[in-house]
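[1] what's the 3D shape of this:
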Amino acid sequence: MFLPSIRRLYFSVLRHLLLIWVRSETIDNSVFHNLRSDLPLVYVLQQPSISDLIVLDNECRKAGLHRPVERFNEPSLEHLSCFFYLRQEPNWTGRKSKQHIAPTLKQLVCAVDAGHLKNVQVVPISVYWGQSPDRETSPWKLIFADSWAVTGRLRRFFQVLILGHKTRVQFSAPLQLSELTDQGKGQVRTQRMLHRLLRVHFRNSKAAVIGPDLSHRRTLVKALIHEPEVQKNITLTADREGISLEKAQKRALKYANEIASDYSYIAIRFLELVLSWFWNKFYDGIKVNHIEGVREVAHGHEVIYVPCHRSHIDYLLMSYLLFTNGLTPPHIAAGINLNMPIIGRLLRRGGAFFMRRTFRGNPLYTSVFNEYMHTLFNKGFPVEYFIEGGRSRTGRTLQPKTGMLALTLSSFLRSQRLPIVFVPVYIGYERVLEGRTYLGELRGANKKKESFFDVFRVIAAIRKQRFGKVAVNFGQPLKLADFLNAQHHNWQHIPLEERKTFTGPAAQQLATHIARYINAAADINPVNLVALAMLSTQRLALDENALTRIINLYLSLLRSVPYSKHTSVTEGDGLSIITHVHQMKLISEQQDALGRIYYLDENNAVLMTYYRNNVLHVFALPALLASFFHSNARMTREHILELTHALYPYLQAELFTHYAADEIESVVDQWLTCFIEHGLLQRDGETYQRPAPSSTQYVLLSLLARTLIQTLQRFYMAIALLLNKGQNALDAQQLEELCTVMAQRLSILHGLNAPEFFDKSLFRHFIQTLINEGVIQTDDEGKLSYHDRLGTLAESAAKRVLPAEIRLSIRQVTTTDDAPASSKPD
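    Numbering: from 1, shown residues only. Sure, this is the predicted structure:
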């Protein structure tokens, strides 16, 4: 019933008193756009609570929506208010009441089913007074934060008192009552069906926002020790090392305490306040894209966030964003090196669990860690880990490590209680916090061990710098079951003894897919664009007009042929982008009577390779097409496609571009059409022709091609070295080491400011891709052999994509007699 006069007065007085103290906000107002103004609207709260109703009423007033305490705007139902509670009023002890069907729900179903109403929009409403799993160590904390316990009046009083300043309201998508009644199941069954849908919705929504119901940490840790696999390894450890079972069990308990997080709402709130200050102090804000997809999959799934790893603050940024957007902060896999005094404890309270860099030779630790992860997955608590293993020092997405993915696959095969979904996340910084450290490492300095005092040194070093914005793009979710169905249709029936041999290759395939999904969600920011343009020039300098022109071209190309639907591109034009990057002091300026010249000094020339590499994969295909015309005035479409198919697998293996092999032809056609529209190419039937060498368009095409030239140089150099040494002369490791030495030599001779040019791992994966593609083979001793025509084919392709002087220089360096063939004897 609508509120009678005495209750309206009571509600009004209480509302004014409560809102003096309570501060509320709506988690996501995108649902408002889905509400139809021509249909009746009714709100549903999970359980009776006058404080929840007041907060909902206040948020509706702020949003200009129909208020819940107003009468139903239909003559036959004007005795009803525009809200109802799914549960009955609990008693003063907070004990659960017997399940029932709310009278308002019954009357609405009857009205729609009888045709008195065309439809009703039923909007579930969740009000959260603090966000914390039910696992606090202090009994007082259980009074304060929202959990899975039934909320009685006394507990709600303390919630309002303690957490009134942090109240969030979640409007869920409306249920259309007519869609249920149209199924013709009768009024009683429809009422039960709607009640069940709402009950399940509230349960899933609560799990997505405050996390699942976790037990006390001490209980959780102790439970790990009693798992059969852990008990088995405790016995084996005791037998192997000749120690008592009690001592082995204590060691397992020590491992569990070393690993497990100690999730705390107080720590999360503290971090939120500190990080809010941090982002406002050092950064110009955070741009978040596509988080709606995360909200959709968070219900009823075990969510695993897999971000790229650029900075230590990636951990904090993800938890901060998820918390402020009404999603549960995840449990985060962190290296044991971060378990420092004070910092480590705070991170653990914020959801971090710590893992050793290697599990090798320690089956007891491995079993404890595996059981801990399996517990998190089965409980449905969101997890976050970085498949790259460590932070990328070059700005590229690193080759994935498969350990955590293999563990996840094993857990899923063992028990599929909840479906697992991976959420790839791309984090793009205009200036990374550890830039100075990376600069040293890019120049060859050893990686510095983390310490507690680094926090103060970093803050002291960065306080006078501008860091621009941070972009966080959530990519396309990848459901593990769907992936396994596509890759291995019989995965559900794999025998237990074969799972170890299955999970390794499956994890490698999954890692590659996830890395491509991460890169497909890239954000192209102003620093990325300026870095691409400046590093494409021989002198690392451009005048203002030329730099503006090339950045405007890049913007236009990206908007004409979007890399993916999850990719975002900075706003603004070339001139505003240059001004922004110059103000960040990442490029230098020199002015004369003819205008401004922008250039990169020695430090920034190295550092900007990091920001170029962030988005090199986005420009890989158009740059490859542009490179075809560097030494060729004309090419047919057939020849362009032939070369693209030949070279693309190696680019994809290195840069994790997301186009599948069967998409290449259509994407190439889109880019060729785009080049014609921008004057970069001309078409004559099936033949494409480059602009005149004296034209501006030719210069722009050449600069675009040069963004990929160092990658193509490395490919050519590796083949040249293999051919020079001959058949069955080198194994893969010897060739990798020889390539590294030669690349270092070439970079010195030609003054290349690109440390990743001689990155050993890039050569390693290129050689492995050559083996995977069948271009080279290994004999019984691991020596490499190749087809007799490899030299002719490689030289033919190189002539198309590399200038003659570069090919000559590589051949001269790779045939130097004094270069060591290997650091190891045959």
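
[2] Would you mind listing the buried residues in the helix or strand hosting residue 333?
    Element membership for residue 333, per DSSP states H and E: strand 331-335. Across strand 331-335, burial judged by 16 or more other CB atoms under 10 Å covers 331-334. Glycine gets a C-beta too; all of them are placed from N, C-alpha and C.

[3] As a markdown table, those with distance to residue 516 and pLDDT would be great.
    Shown next, in a markdown table, are the buried residues of strand 331-335 (distance: CB to CB, whole Å; pLDDT from 0 to 100):
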| residue | distance to residue 516 | pLDDT |
| --- | --- | --- |
| 331 | 25 | 94 |
| 332 | 23 | 94 |
| 333 | 21 | 94 |
| 334 | 25 | 92 |
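
[4] just the residues you listed now: which is nearest residue 79?
    Nearest to residue 79 among these: residue 331, at 48.8 Å, using CB to CB.

[5] Tell me where the stretch 601-750 of the chain has strands.
    Counting by DSSP state E, counting those that start in this stretch, the stretch 601-750 of the chain has strands at residues 634-636, 682-684, 687-689.

[6] Just say which of those is most tucked in.
    Of all these, strand 687-689 has the most neighbours on average by mean count of other CB atoms under 10 Å, namely a mean of 17.

[7] What is that one packed up against?
    Under the contact criterion of 3 or more CB pairs under 8 Å, 6 or more residues apart in numbering; DSSP states H and E, strand 687-689 touches strand 634-636, helix 637-655, helix 664-677, strand 682-684.

[8] For the chain, give me the ranges with low pLDDT.
    1-5, 89-99, 130-156, 207, 210-216, 265, 438-464, 751-755, 816-826 (pLDDT under 70).

[9] can you list the domains in it?
    As given by automatic domain parsing, the domain ranges for the chain are 5-210, 217-520, 709-814.

[10] what's the closest of the ones you listed to residue 573?
    Residue 573 lies closest to domain 217-520 among these, at 17.0 Å (CB to CB).

[11] do you know how far the closest residue to residue 483 other than its chain neighbours is from residue 388?
    Leaving aside its sequence neighbours, residue 483 sits nearest to residue 510 (CB to CB, 6 or more residues apart in numbering; 6.2 Å). Distance of residue 510 to residue 388, given as CB to CB, to the nearest Å: 14 Å.

[12] and if you look at residue 810?
    30 Å.

[13] what does residue 813 give?
    Separation of residue 813 from residue 388 (CB to CB): 31 Å.

[14] now do residue 17
    Counting by CB to CB, the gap from residue 17 to residue 388 is 53 Å.

[15] cool, residue 413 as well?
    Taking CB to CB, one finds residue 413 at 24 Å from residue 388.

[16] what's the answer for residue 639, then?
    Using CB to CB, one obtains 37 Å as the distance from residue 639 to residue 388.

[17] The closest residue to residue 563 other than its chain neighbours: how many residues sit nearby?
    What sits nearest to residue 563 in space, not counting adjacent residues and going by CB to CB, 6+ apart, is residue 618, at 4.8 Å. Counted by other CB atoms under 10 Å, the residues lying close to residue 618 total 27.

[18] what's near enough to touch residue 618?
    Residue 618 sits next to 519, 522, 524, 558, 563, 567 when contact means CB atoms under 8 Å, 6 or more residues apart in numbering.

[19] And the first one, how far from residue 616?
    By that I understand residue 519. From residue 519 to residue 616 the distance is 10 Å (CB to CB).

[20] which neighbours do these two share?
    Counting by CB under 8 Å, 6+ apart, the residues touching both residue 519 and residue 616 are residue 655.

[21] Can you list the helices and strands that the helix or strand hosting residue 791 packs against?
    For residue 791, the element it lies in under DSSP H and E is helix 790-801. Other elements packing on helix 790-801 under the criterion 3+ CB pairs under 8 Å, 6+ apart are helix 616-628, helix 637-655, helix 709-725, helix 804-814.

[22] Report the distance from the third one to the chain centre.
    Read it as helix 709-725. 33 Å (CA atoms, centre = their mean, to the nearest Å).

[23] likewise the shortest one?
    Relative to its parent chain, helix 804-814 has a centroid offset of 40 Å by CA atoms, centre = their mean.

[24] just the first one next, same as before
    Using CA atoms, centre = their mean, the mean C-alpha position of helix 616-628 is found 24 Å from that of the whole chain.

[25] Now do it and helix 664-677, the angle between them.
    For helix 616-628 against helix 664-677, the angle by axes from the mean of the first three to the mean of the last three CA atoms, to 10 degrees is 70 degrees.

[26] angle of helix 616-628 against helix 790-801?
    Using the same axes, to 10 degrees: helix 616-628 against helix 790-801 is 90 degrees.

[27] Run through who's touching the lengthiest helix in the chain.
    The single longest helix within the chain, with elements called by DSSP state H, is helix 187-210. Residues outside helix 187-210 that contact it (CB under 8 Å, 6+ apart): 27, 44, 46, 86, 101-102, 105-106, 109-110, 113, 122, 124, 126, 128, 131-133, 145-148, 170, 172, 175, 177, 180-181, 183, 185, 295, 298-300, 326-328, 380.

[28] buried residues in that helix?
    190-191, 194-195, 198, 201-202, 204-210.
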